[in-house]
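> Got a predicted model here, sequence first, then my questions.
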Amino acid sequence: MFYVLAFSSAIIAAVNSGVDATVSKLFIPNGWALGFATFAVGIPVTLLLSLMFSIPLKGRSVGSRFADPSFKRLRLLRREEVFPQTMAAFGNALYTVGYFALFVLIEDPSVVLPFTQVVILYLVAIESINDKDMPTLSEIQSILIVTFGAILGSISLSGSLNFESLLIVFFVINPGWVLLTVYQRKLKWIKIDDQYNDSINIRFWNVLFSCVLTTVLIFGYDLMTGSNHLAAGVSASVNQFWWIALISTGAFFAFVFYIRALGIGKASVVQAVRSSTIMFSIPVSIVIAYLGIIDPFSTDPVLLIIKVIGIIIMMMGILSFALNLVKAYIFIHVKPGYPLEETMQKLWNIRGVSRVTATAGKYDFIVKIRIRALVKGYEKIIRKVEGIDAIESFKWESVLKEWEDI
């Protein structure tokens, strides 16, 4: 399910990028205006889709059957969601405006989308600081493979490389995507009525918050520069409503699947798999170039070979991510007289531990492990477990296959 969700999000995003390129080239050649219009039109589109998914069908909502099993109906925002939604919306505002500004500069989806995959480096750096699971050497190698593959894949088939676009990528788009990803993942793990948050409500409220923050951002920029981007965005929302509604519909499904995937895997791994959007964007670029929407590609075999090599390298990195994850369970007996809460906390503090469960039965604790280097991770975790005085005995069982309600 994790890979189905991540790859589905990548395919939809790639197809949607063709529509993005068409609209930015033919109708709205203004990244600020198009960014605002996407959110302004996105509110009614996302609301309509969310209400349609809220319709009950044989005891469950349509959305729970076809999009997200956690979704019941569109609901009001909870207090604990306000801060992460605000941060995610700020990141989305930065990302969206930068993304469309990049399309105005470059036009080619097969170049724009690879540039956005450098965000993996940002995500891993944040996870290294915040998460208990530090990246292993094999994980870092996989990340670098994906990143360099994305950079090679970003070379335009026309042979051009725009340095202004690099500044937008590294200082606007990728930092914005990091904020969006990190806080959407936090939102997905918030429990609403004893059930994990659903991606449809997260997406609807994110679009609403993003529209507000984008309006403030563009209004402030207009005041400082004397430009008129906000008015252009309002005009574009009306004049090109149906084109932008098409963009918003594609973005809705791409983000719903992406958010669901974030609830299953680490943000860096989800992003690595979603990097396959680079591969899917190439036929999209070929089609819109054939239609005359963007400039035709160069037939230079060197450029084609470099781009193909970049895609192959990137896919190798994704496969490396997928194949290195190791799961295991440790079954633990505790000595009498030791406080369970203290022992539980010590187990939880071990890097690589993703869950600690106290049980009433044959074992006192069952600990779930998620690591990427079996030998090194096993040795480090076992040494930590052996160092806890309260533990009398334990045994390690590696997972071969596992089903989980997600």
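Yes, it's here.

> Low-confidence stretches in the stretch 151-300 of the chain?
151, 153-163, 266, 268, 297-300 (pLDDT under 70).

> for it, what spans make up the helices?
163-168, 174-188, 199-225, 229-239, 241-262, 267-274, 277-290 (DSSP state H, counting those that start in this stretch).

> same thing with the stretch 1-150 of the chain?
Using DSSP H, counting those that start in this stretch, helices in the stretch 1-150 of the chain cover 2-26, 31-53, 62-66, 82-106, 109-116, 119-130, 137-153.

> Serialize those helices to a markdown table and add fields for mean neighbour count.
All C-beta atoms are positioned from the backbone trio N, CA, C, and that covers glycine. Listed next are the helices of the stretch 1-150 of the chain as a markdown table, based on neighbours: other Cβ atoms under 10 Å:
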| stretch | mean neighbour count |
| --- | --- |
| helix 2-26 | 21 |
| helix 31-53 | 22 |
| helix 62-66 | 17 |
| helix 82-106 | 22 |
| helix 109-116 | 27 |
| helix 119-130 | 18 |
| helix 137-153 | 20 |
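
> Reformat the ones you listed as a markdown table; add distance to Leu223.
Below are the helices of the stretch 1-150 of the chain laid out as a markdown table (distance: least, Cβ to Cβ, whole Å):
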| stretch | distance to Leu223 |
| --- | --- |
| helix 2-26 | 25 |
| helix 31-53 | 13 |
| helix 62-66 | 40 |
| helix 82-106 | 16 |
| helix 109-116 | 29 |
| helix 119-130 | 30 |
| helix 137-153 | 36 |
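
> Mean neighbour count, the helices of the stretch 151-300 of the chain: which tops it?
Stretch with highest mean neighbour count among the helices of the stretch 151-300 of the chain: helix 267-274 (a mean of 26; mean count of other Cβ atoms under 10 Å).

> Please save the CA atoms from that helix in PDB.
Below are the C-alpha coordinates for helix 267-274, written out as PDB (Å, rounded to 0.1, in the frame of the first residue of the first chain):
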ATOM      1  CA  ALA A 267       9.200  11.600   5.100                       C
ATOM      2  CA  SER A 268      12.600  11.100   3.400                       C
ATOM      3  CA  VAL A 269      11.600   7.600   2.200                       C
ATOM      4  CA  VAL A 270       8.200   8.800   0.900                       C
ATOM      5  CA  GLN A 271       9.900  11.600  -0.900                       C
ATOM      6  CA  ALA A 272      12.500   9.200  -2.400                       C
ATOM      7  CA  VAL A 273       9.800   6.900  -3.800                       C
ATOM      8  CA  ARG A 274       7.800   9.900  -5.100                       C
END
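
> report the angle between the axes of that helix and helix 2-26?
70 degrees (axes from the mean of the first three to the mean of the last three Cα atoms, to 10 degrees).

> Packing partners of helix 267-274?
With contacts taken as 3 or more Cβ pairs under 8 Å, 6 or more residues apart in numbering; DSSP states H and E, helix 267-274 sits against helix 2-26, helix 119-130, helix 137-153, helix 174-188, helix 241-262, helix 301-324.

> Would you map the helices across the stretch 301-406 of the chain?
So, for the stretch 301-406 of the chain - with DSSP H, counting those that start in this stretch - the helices run 301-324, 340-348, 374-386.

> sorry, back to before: can you tell me which of the helices and strands packed on helix 267-274 is nearest to Ile288?
Nearest to Ile288 among these is helix 2-26; the distance by Cβ to Cβ comes to 5.3 Å.

> now that closest one, how far from the chain's geometric center?
Its chain's C-alpha centre and that of helix 2-26 lie 13 Å apart, by Cα atoms, centre = their mean, to the nearest Å.

> Number of residues surrounding the residue nearest to Ala289 when sequence neighbours are not counted?
Nearest residue to Ala289, sequence neighbours excluded (Cβ to Cβ, 6 or more residues apart in numbering): Pro296, at 5.3 Å. Using other Cβ atoms under 10 Å, Pro296 is surrounded by 11 other residues.
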